[in-house]
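1. Sequence and computational prediction follow.
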Amino acid sequence: MNKVRVRFAPSPTGGLHLGGIRTALYNYLFAKKYMGDFVLRVEDTDQTRYVKGAEEYIIDCLNWCKISPDEGPHREGEYGPYRQSERKSLYKEYAEQLVKLGHAYYAFDTPAEIETMRETLKGQGKDNLQYDYRVRFNMKNSLSLSPEETEALLKINFPHVIRLKIERDEFVYFKDMIRGDIEMSTNGLDDKVLLKADGMPTYHLAVVVDDYLMKITHAFRGEEWLPSAPIHVLLWKYLGWEKHMPEWAHFPLILKPDGNGKLSKRDGERLGFPVFAMEWNDPVKGEIKGFKELGFLPEAFLNMLAMLGWNNGTEQEIFSLDEMIDQFSIDRIHVHGAKFDFEKAKWYNHEWIKKSSVERLEHDVKKIFEKKGVSVSDEEQFGSIIELIKDRCTLLTDFWEQGHFFYNSPSEIDTASILSKWNENKNQFFVELIRTYSLLPSWKSVELENTFKEIAAASHLKPGELMLPFRIMLVGGKFGPGIFDIASLLGKTETIKRIEHTLSLLNQKI
RNA sequence: GGCGCGUUGGUCAAGGGGUUAAGACGCCUCCCUUUCACGGAGGAAUCACGGGUUCGAAUCCCGUACGUGCUACCA
């Protein structure tokens, strides 16, 4: 059996969204499972939609997700070039071969003429406005023109395209690895343009030629391609490559969480969640944040994406990339689309943060702190802080909210919550606490707690009544992990400083 | 409109003739915690509809409805 080769073939037209990454992921998983190659092919045949920087961005996203392609424009293999625009001359050759074989023809119609044809059809009450077997002999093409006329037009380089001649009343059969046997009539198909007037191929020609030349064994793509699959199957046949045709699989779509339709790039801003993997600097709309910037771990992002359309049949929901490679199978991919749920996406991230080691998180969290103007000097303390708070962080960015008070003393202190039940006894307790704490030989969480409780008992106060004030003194409000853990990590000097500070605030207010 | 593909709680889903129809997210209650989370225990909530086939259908067949995709010199 041939070596498995799959490809991810995005168009460099802007940010890479969820669906794109998932397609890349499934391709990657399949390739790695069968020790095959994962190829990146840039489908930049539409010059009008080309966006500068999009290609590099796509590669950056794949790298962030750790599903980097084995071959691509950034890493040439033996099947390059990997940009379709650089393969332009190849396609023409095959398109002309199809003309010679009688499966395609030159068409010289201007856009206006095609528009007229559609208007006429509409006028006749037809609702099928396609350029197909019903109208092609009335149009200006090498089928309706004499060979001499055609030759003359080609000679003066009259703008033209090459169209596939779709025969009527034929049936195309093919097998989809997810959906099984599929049969479609050619009657609904139009004579697709194969080669555009600018000499660039359309997707239909390019995908077949490139998959053949790049020795692709399995062609996976979104479900939106299913209706045009017969065109591709026909092309494989007409070009005489039928024996080399890849196996097909069409992935279900990712749908909008609210109403209807597939998730689009616009839905993110409308619904308040990211749709791109990473921040995309749109030339028109400016910066659009991605999952990365929002604080997602790539492991979680991929895990979430994988489960949106696939599972291994067990209750397991958390998978590492390696586990996914091990467990993946195309036939367990679902056949229907799934609505994207941002809440569930966050849940995956939370799970991944909880199970990640300090070593794994350190670097990312440090960058977030640095962005906020805090430079971490004590690595060991920082690690302990991460360990202490990671269970309460859903996003990486939550580490700041949960941990900033270790580095900055609270700018606002919720004295109101203390004041309502404040009295001289409590004040005395904290004065005594400062005195005792400052004499403490070691500064461990348990000892701090024991000492605290002993003094409370001696003062005839319930520790519970004192812990909330203590918490507010140290962090400013009613939040955060265990208060003695906080004090322990804060250190003696800082702890005492914060108690004194709040005490003086309280005295002013009484 | 035509053609294709779908349809299990609000969402993601397991299940493919006999099940009390798993599990997860979210929501609610309680426990733990004298903060908030985490964790633990419970709860509400589902087989689109109508016909068949069958002793028996969420599971098979047909129809309808609904959803979704395609119907470009875009991918």
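-> Received the coordinates, thanks.

2. Show me where the stretch 251-400 of chain A has its strands.
-> With strands called from DSSP state E, counting those that start in this stretch, the stretch 251-400 of chain A shows them at A:254-255, A:280-282, A:286-288, A:338-339.

3. Also chain A?
-> A:5-8, A:37-40, A:104-107, A:161-164, A:171-176, A:180-185, A:193-195, A:218-222, A:247-251, A:254-255, A:280-282, A:286-288, A:338-339 (DSSP state E).

4. and the residue of the stretch 401-510 of chain A found nearest RNA strand B, how many neighbours?
-> Proximity of the stretch 401-510 of chain A to RNA strand B (C-beta to the nearest atom of the strand) peaks at residue A:464, 1.5 Å away. (Each C-beta comes from the backbone N, C-alpha and C, glycine too.) By other C-beta atoms under 10 Å, the residues close to residue A:464 number 8.

5. now swap in residue A:488 and tell me
-> Residues within reach of residue A:488, counting by other C-beta under 10 Å, total 21.

6. before we move on, what about residue A:270?
-> Using other C-beta under 10 Å, the number of residues around residue A:270 comes to 11.

7. and if you look at residue A:133?
-> Residue A:133: 17 surrounding residues under other C-beta under 10 Å.

8. and the stretch 401-510 of chain A, which residues reach RNA strand B?
-> Residues of the stretch 401-510 of chain A lying close to RNA strand B (C-beta under 7 Å from any atom of the strand) are A:462-465, A:467-468, A:471, A:478-483.

9. Put the buried members of those residues into a PyMOL selection.
-> Those of these that count as buried under 16 or more other C-beta atoms under 10 Å are selected in PyMOL with:
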select buried, chain A and resi 467+471+480+481+483
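
10. pretty sure residue A:289 contacts residue A:273?
-> No. Counting by C-beta atoms under 8 Å, residue A:289 stays clear of residue A:273, with 9.8 Å between them.

11. Mind checking which of the two has more residues around it?
-> Just comparing residue A:289 and residue A:273: by other C-beta under 10 Å the higher neighbour count belongs to residue A:273, 19 against 16.

12. what's near enough to touch that one?
-> A:342, A:345 (C-beta atoms under 8 Å, 6 or more residues apart in numbering).

13. let's see it at 7 Å
-> residue A:342 (C-beta atoms under 7 Å, 6 or more residues apart in numbering).

14. Can you check the pLDDT for it?
-> The score at residue A:273 is 94. That number is its pLDDT.

15. How much space separates it from residue A:161?
-> 41 Å (C-beta to C-beta, to the nearest Å).

16. Residue A:175 too?
-> 31 Å.

17. Who has more neighbours out of those two?
-> Applying other C-beta under 10 Å to residue A:175 and residue A:161 shows that residue A:161 carries more neighbours, namely 22 against 11.

18. Quick one: neighbours of residue A:212, just the number.
-> The burial count for residue A:212: 17, using other C-beta under 10 Å.

19. does any bit of the helix or strand of chain A with the lowest mean pLDDT sit next to RNA strand B?
-> One helix or strand of chain A scores below all others by mean pLDDT, DSSP states H and E: helix A:267-271, with a mean of 86. No. Judged by C-beta under 7 Å from any atom of the strand, helix A:267-271 makes no contact with RNA strand B; its nearest approach is 11.0 Å.

20. buried set for that helix?
-> Residues of helix A:267-271 classed as buried by neighbour count (16+ other C-beta under 10 Å): A:267, A:268.

21. same check, this time on stretch A:77-84
-> Neighbour count says stretch A:77-84 has A:79, A:80, A:82, A:83, A:84 buried, by 16+ other C-beta under 10 Å.

22. Ok, stretch A:292-299 next?
-> Using 16+ other C-beta under 10 Å as the burial criterion, the residues of stretch A:292-299 that qualify are A:292, A:294, A:295, A:296, A:297, A:298, A:299.

23. roughly how far is stretch A:58-67 from the heart of the chain?
-> Distance of stretch A:58-67 from its chain centroid, counting by C-alpha atoms, centre = their mean, to the nearest Å, is 9 Å.

24. Is RNA strand B within reach of that stretch?
-> No. Stretch A:58-67 lies out of reach of RNA strand B by C-beta under 7 Å from any atom of the strand, never closer than 12.0 Å.

25. could I get that stretch in PDB with only the CA atoms?
-> Below are the C-alpha coordinates for stretch A:58-67, written out as PDB (Å, rounded to 0.1, in the frame of the first residue of the first chain):
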ATOM      1  CA  ILE A  58      -1.800  30.000   8.800                       C
ATOM      2  CA  ILE A  59       1.600  28.400   9.400                       C
ATOM      3  CA  ASP A  60       1.900  30.200  12.700                       C
ATOM      4  CA  CYS A  61      -1.500  28.900  13.800                       C
ATOM      5  CA  LEU A  62      -0.600  25.300  12.900                       C
ATOM      6  CA  ASN A  63       2.700  25.700  14.700                       C
ATOM      7  CA  TRP A  64       0.900  27.000  17.800                       C
ATOM      8  CA  CYS A  65      -1.400  24.000  17.700                       C
ATOM      9  CA  LYS A  66       1.600  21.800  17.300                       C
ATOM     10  CA  ILE A  67       0.200  20.200  14.100                       C
END
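
26. Can you give the contact residues for it?
-> The contact list for stretch A:58-67 (C-beta under 7 Å, 6+ apart) reads A:10, A:12, A:16, A:21, A:24-25, A:28, A:68-69, A:74, A:277-278, A:292, A:298, A:301-302, A:321.

27. contacting residues around the closest residue to residue A:477 other than its chain neighbours?
-> Leaving out its chain neighbours, the residue that sits closest to residue A:477 by C-beta to C-beta, 6 or more residues apart in numbering is residue A:414, at 4.7 Å. Residues in contact with residue A:414 (C-beta under 7 Å, 6+ apart) are A:472, A:476, A:477.

28. where does the residue lying closest to residue A:110 once chain neighbours are set aside fall, phi/psi-wise?
-> Take residue A:110 and drop its neighbours on the chain: the residue closest to it by C-beta to C-beta, 6+ apart is residue A:159, 7.5 Å away. Dihedral pair for residue A:159: phi -50, psi 130, per degrees, to the nearest 10.

29. Could you give the number of residues near residue A:159?
-> Using other C-beta under 10 Å, residue A:159 has 12 neighbouring residues.

30. Also the one 4 residues further on?
-> By other C-beta under 10 Å, the residues close to residue A:163 number 28.

31. Which pLDDT value goes with it?
-> Per-residue pLDDT puts residue A:163 at 98.

32. In contact with the spatially closest residue to it that is not a sequence neighbour, which residues?
-> Leaving aside its sequence neighbours, residue A:163 sits nearest to residue A:191 (C-beta to C-beta, 6+ apart; 4.3 Å). Residues in contact with residue A:191 (C-beta under 7 Å, 6+ apart) are A:131, A:132, A:136, A:163, A:164, A:165, A:166.
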